[in-house]
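> Sequence first, predicted coordinates after that:
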Amino acid sequence: MNDTAPLASTALAADRPVTADRPERPAWPPAQPLVAILRGLPPADAAAVGQALFDAGFRTLEVPLNRPGALESLAILAAMAPADALVGAGTVLDTAQVDAVAAAGGRLIVMPHADVAVIRHARAHAAGLRVAPGVFTATEAFAALAAGADALKLFPAEVLQPAGLKALRAVLPAEVPLWPVGGVSPGNLAAWRAAGAHGAGLGSALYPEGAGAAEVATRAAAFIAAWRGGQAG
C-alpha cells in the first residue's frame, strides 16, 4: 500500500466512494468554522449547552475525552445535532478511542498530536469520520496530510502566534483547513483570520468548565460576531 500519495490527492480531495458499510463523510469544512471545545461538559448539562451553541450558529462541537462522562456527553450532543452539524471528540490518543467515539455517534476525531496510526485508523473507519490532528511544525503538518488528515489543528496556538500560522500557510496547500487552538479569544480572532486561519478551536474562553447555557450563549455570540467582523471585504 502506498501511504505517501501526492498532496494534490490528499484526504481533502480523495474521499472514497460511499458503500453500504462506509457512510457518506460529513461535509468539510463546515459552513460555520468555529469549533466549540467542551472540556469537562457534564452529561446533565450537555443538552442545554449544546442547544445554546447550535442556536448561536455553531456547527462543530468537540468533547475532549480526558474528563469523566465525555462519551456520554458526546452521545447526547450527536443525537440532538442539526443535520449540518459535526459532533466529535478531542484529546483522542489511540485507535481504541477512535472506535469508542464512532460508537457514541461522533463523526469528528481531534487529536493533540499527529500520530499517523491514529490518523489512518480514523480516516479508514467504516463510520466515515473526519480527522484533525494537532501539529506545530511543517514536518508534522505534511506527515499528517500524507496520512490522510482532513484539517490541521495548530496547537498550542498561543506559542505559535498568528505570525507562525502565516508562515505555515505559505507552504501548505491552500485548501487545507487550519485551526489555531489555545489562547484564542474574541479579541484576537481577527488577527488569526488575517493570518490565514480557516476557523478556530475555542476552549475555556467559550466554555469554562461548569458554565451554564446562558453564559455559553453570551460567549458564543461574542465569538460569532468577532469572526464575522474579521471577514475580508
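Yep, that arrived. Just so you know, these numbers come straight off a predicted model, no measurement behind them.
> Check which helices and strands the helix ranked longest in the chain is in contact with.
The single longest helix within the chain, with elements called by DSSP state H, is helix 213-229. Under the contact definition 3 or more Cβ pairs under 8 Å, 6 or more residues apart in numbering; DSSP states H and E, helix 213-229 sits against strand 34-37, helix 43-56, helix 189-195. All C-beta spots, glycine's among them, are computed from the backbone N, C-alpha and C.
> Mean neighbour count, those: which tops it?
Of all the helices and strands packed on helix 213-229, strand 34-37 has the most neighbours on average by mean count of other Cβ atoms under 10 Å, namely a mean of 26.
> and that strand, what other elements does it pack with?
strand 60-64, strand 200-202, helix 213-229.
> can you put these in a markdown table and add distance to L74, mean neighbour count and mean pLDDT?
Shown next, in a markdown table, are the helices and strands packed on strand 34-37 (distance: least, Cβ to Cβ, whole Å; neighbours: other Cβ atoms under 10 Å; pLDDT from 0 to 100):
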| stretch | distance to L74 | mean neighbour count | mean pLDDT |
| --- | --- | --- | --- |
| strand 60-64 | 4 | 28 | 98 |
| strand 200-202 | 16 | 26 | 98 |
| helix 213-229 | 17 | 17 | 96 |
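> how about CSV for the ones you listed, with distance to A83 added?
Shown next, in CSV, are these (distance: least, Cβ to Cβ, whole Å):
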stretch, distance to A83
strand 60-64, 14
strand 200-202, 22
helix 213-229, 20
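> Show me the helices in this protein, by range?
43-56, 70-80, 95-103, 116-123, 138-147, 157-171, 189-195, 213-229.
> what's the closest of those to V87?
V87 lies closest to helix 70-80 among the helices of the chain, at 4.5 Å (Cβ to Cβ).
> Next, the buried residues of the closest one.
By neighbour count with 16 or more other Cβ atoms under 10 Å, helix 70-80 contains the buried residues 70-78.
> With pLDDT as extra columns, can I get the residues you listed in a markdown table?
As requested, those are exported to a markdown table (pLDDT from 0 to 100):
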| residue | pLDDT |
| --- | --- |
| A70 | 98 |
| L71 | 98 |
| E72 | 98 |
| S73 | 98 |
| L74 | 98 |
| A75 | 98 |
| I76 | 98 |
| L77 | 98 |
| A78 | 97 |
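> Considering these, which is situated nearest to W192?
L77 (25.2 Å).
> Name the nearest residue to A225, ignoring sequence neighbours.
Leaving aside its chain neighbours, A225 sits nearest to P186 (7.4 Å; criterion: Cβ to Cβ, 6 or more residues apart in numbering).
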